[in-house]
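Colleague: turn this into a structure:
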Amino acid sequence: HPKPYLHDFLQGSSVAPPEPLPKKKRNPELEERLGKIKAELEEKEYEEMTRDVRKSEFSLMDQGEIKSASSAIGEGVSILVTKGTFFALGYFASVSAWGFDATWNMIAGLVGLIFGFAVETTLFILRQSRIIGENERSKKRKDKERSRRKEMTQLASQGISVEGLESGPTEGSPATESEAQGLLKPTSP
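Modeller: Model prediction:
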């Protein structure tokens, strides 16, 4: 007696799909609101996609990265040249002072190399401390400008005129906060 197979059982049968559910009508106000939200989302996505494309120049971060990379390459080359120069200086100074003795000439060259390493390390530390100081000053300036703009926005949102304060103190404009208070006046609606 042979075993039955699945296709034998299914022979002559058919699949009856379920009847589709009737579509509900949506509220027209909801459709309108969803359309506005969708348009806003598409606009935000477009702005995000094209933000970097629209910039005509490198951003400050990109410029900083390029400066950092070229600075690192320059430092590497400088270190190699300095060490090689001081090694050669020590080596040939030893040759001219005591004659050709390979051991003492190499030792003198290595002493020159170590001295060159100390000089280059000192110069590197001085350069980096100057760069760090410049970056900190730049960051403080940017933070100060950002907080000043935020303060101006808050004053303007409160209905206070900020005429003469947008660009900071200039010749003929108030230099102190008390002088600036005289310029702050409520705007009429």
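Colleague: neighbours of residue 4, how many?
Modeller: By other C-beta atoms under 10 Å, the residues close to residue 4 number 8. (Glycine included, C-beta is placed from N, CA and C.)
Colleague: begin at 28 from now on, thanks
Modeller: Yes, from this point I'll number from 28; that puts the last item at residue 31.
Colleague: for this protein, which helix is longest?
Modeller: For the chain, the helix reaching the highest residue count under DSSP state H is reported as helix 129-184.
Colleague: where in the protein is pLDDT low?
Modeller: Across the chain, the ranges flagged by pLDDT under 70 are 28, 79-93, 186-216.
Colleague: repeat the analysis, applying 90 as the threshold.
Modeller: Counting by pLDDT under 90, the chain contains low-confidence residues at 28-59, 61, 72-107, 109-110, 123-131, 143-144, 146-216.
Colleague: which helix or strand contains residue 115?
Modeller: helix 87-125 (DSSP states H and E).
Colleague: would you mark the buried spots in that helix?
Modeller: Going by neighbour count (16 or more other C-beta atoms under 10 Å), the buried part of helix 87-125 is 106, 109, 110, 113, 114, 116, 117, 118, 121, 122.
Colleague: please identify which of those is nearest to residue 166.
Modeller: residue 106 (28.3 Å; C-beta to C-beta).
Colleague: test my guess that the closest one contacts residue 147.
Modeller: Yes - at 5.2 Å, residue 106 counts as touching residue 147 under the criterion of C-beta atoms under 8 Å.
Colleague: follow-up on the earlier one: turn the buried residues of helix 87-125 into TSV, columns for distance to residue 37.
Modeller: Output for those, formatted as TSV (distance: C-beta to C-beta, whole Å):
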residue	distance to residue 37
106	80
109	86
110	84
113	90
114	88
116	94
117	94
118	93
121	98
122	99
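Colleague: now list whatever residues contact both of residue 106 and residue 147.
Modeller: Common neighbours of residue 106 and residue 147, using C-beta atoms under 8 Å, 6 or more residues apart in numbering, do not exist here.
Colleague: thank you, goodbye.
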